[in-house]
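K.L.:
One predicted model, sequence on top.
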Amino acid sequence: MASLLAPPLGASTAGRRPGQGGIQYRAPSAVAYGRPGRAVRAHKVEIEHEGRFHVIEVEEGATILETALDMGVELPHDCKMGVCMTCPAKLVEGEVDQSGAMMSEDVAEKGFALLCVAQPQTDCKIKTCSEDEYLDEQLVTSKQ
Ligand code: FES
């Protein structure tokens, strides 16, 4: 069966004569595939959303939202930049880096996270919450 996909990186058709099948492969380069032998770290994230539980593995440098969406877990979102506040959650356990979020430190310290920018630093348990719950906390904190 013919494939509609382009040849993978590192594949070459150079040197192939007409009628000669197959694709010749070169050894993968470090740039295209990362450093050989270097394991990508990942953290387990348990997500409770609308009464359902999901467990995903989030690779280092990836956000919880993008990984969840890739795994077919539908979570509320819009901007994916930490600005619109449609992806809030409570961090029940664990630690995330969400330095890209427009969120006060006080709100972050109370355990809120914006999943579109939250990158797990440890295994985590999170529970999504409503935008209203998040915004109420943001407003209360900003008045103090
Ligand atoms: S999707 Fe907009 S803040 Fe997360």
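P.N.:
Noted; the coordinates are in hand.
K.L.:
mind checking the SS state of residue 137?
P.N.:
Judged by DSSP: H, G, I helix; E, B strand; the rest coil, the three-state class of residue 137 is helix.
K.L.:
Mind pulling the model confidence for it?
P.N.:
On pLDDT, residue 137 comes in at 84.
K.L.:
Tell me the bridge partners for residue 46.
P.N.:
Beta-bridge pairing of residue 46 under DSSP bridges involves residue 55, residue 125.
K.L.:
residues contacting it?
P.N.:
By CB atoms under 8 Å, 6 or more residues apart in numbering, residue 46 lies in contact with 53, 54, 55, 124, 125, 126. (Each C-beta comes from the backbone N, C-alpha and C, glycine too.)
K.L.:
Roughly how far does residue 92 sit from the ligand?
P.N.:
Residue 92 sits 19 Å away from the ligand, taking CB to the nearest ligand atom, to the nearest Å as the criterion.
K.L.:
Repeat that for residue 63.
P.N.:
Residue 63 sits 9 Å away from the ligand, taking CB to the nearest ligand atom as the criterion.
K.L.:
ok, that residue touching residue 115?
P.N.:
Yes: between residue 63 and residue 115 there is a contact under CB atoms under 8 Å: 6.8 Å.
K.L.:
So for the two, which residue has more residues nearby?
P.N.:
Between residue 63 and residue 115, residue 115 has the larger neighbour count (other CB atoms under 10 Å), namely 29 against 23.
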